[in-house]
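*Asks:* can you look at this prediction? I've put the sequence above it.
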Amino acid sequence: MDHTGVLDGVFWTPQVVGGSGFIISSYDPNDARNTNTMVVPKPQSLGWQVGFWNLIGGIGFTLCGALGYAGDISKTEYQSSLSTFWGSWAFLIGSVLH
């Protein structure tokens, strides 16, 4: 009996959903409210840097889950692990800056 669908639903899907939540939460709505124009990147701002590194971390965690669905292929398995690694480092950088 093949339990691949159950594994995908129980293990990888929460990682994709959680990573997507991290991506959404990295957006600061105050940036859009405080200006009447389009949100422009402000790399000199500490808050912008924290949001940027959290966005990169969220992308890494989302990729971990998304690539996990194709776990039978060794290259995607490696890339899934690697995206968790650099995503964690991005969150660490964002936390240190915060």
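*Replies:* Okay, I see it. Numbers count the residues shown, from 1 in each chain.
*Asks:* buried ones in stretch 71-84, by neighbour count?
*Replies:* Across stretch 71-84, burial judged by 16 or more other Cβ atoms under 10 Å covers 79, 80, 83, 84. Every residue, glycine included, has its C-beta placed from N, CA and C.
*Asks:* identify the residue nearest the geometric centre of the chain.
*Replies:* Closest to where the C-alpha atoms of the chain average out (Cα atoms, centre = their mean) is residue 58, at 1.3 Å.
*Asks:* how far away is residue 83 from residue 44?
*Replies:* Residue 83 is 28 Å from residue 44, where distance means Cβ to Cβ, to the nearest Å.
*Asks:* correction: residue 72
*Replies:* Distance, residue 72 to residue 44, using Cβ to Cβ: 45 Å.
*Asks:* SS state for residue 70?
*Replies:* For residue 70, the assignment made with DSSP: H, G, I helix; E, B strand; the rest coil gives coil.
*Asks:* surely it is in contact with residue 76?
*Replies:* Yes - using Cβ atoms under 8 Å, residue 70 is in contact with residue 76, at 4.3 Å.
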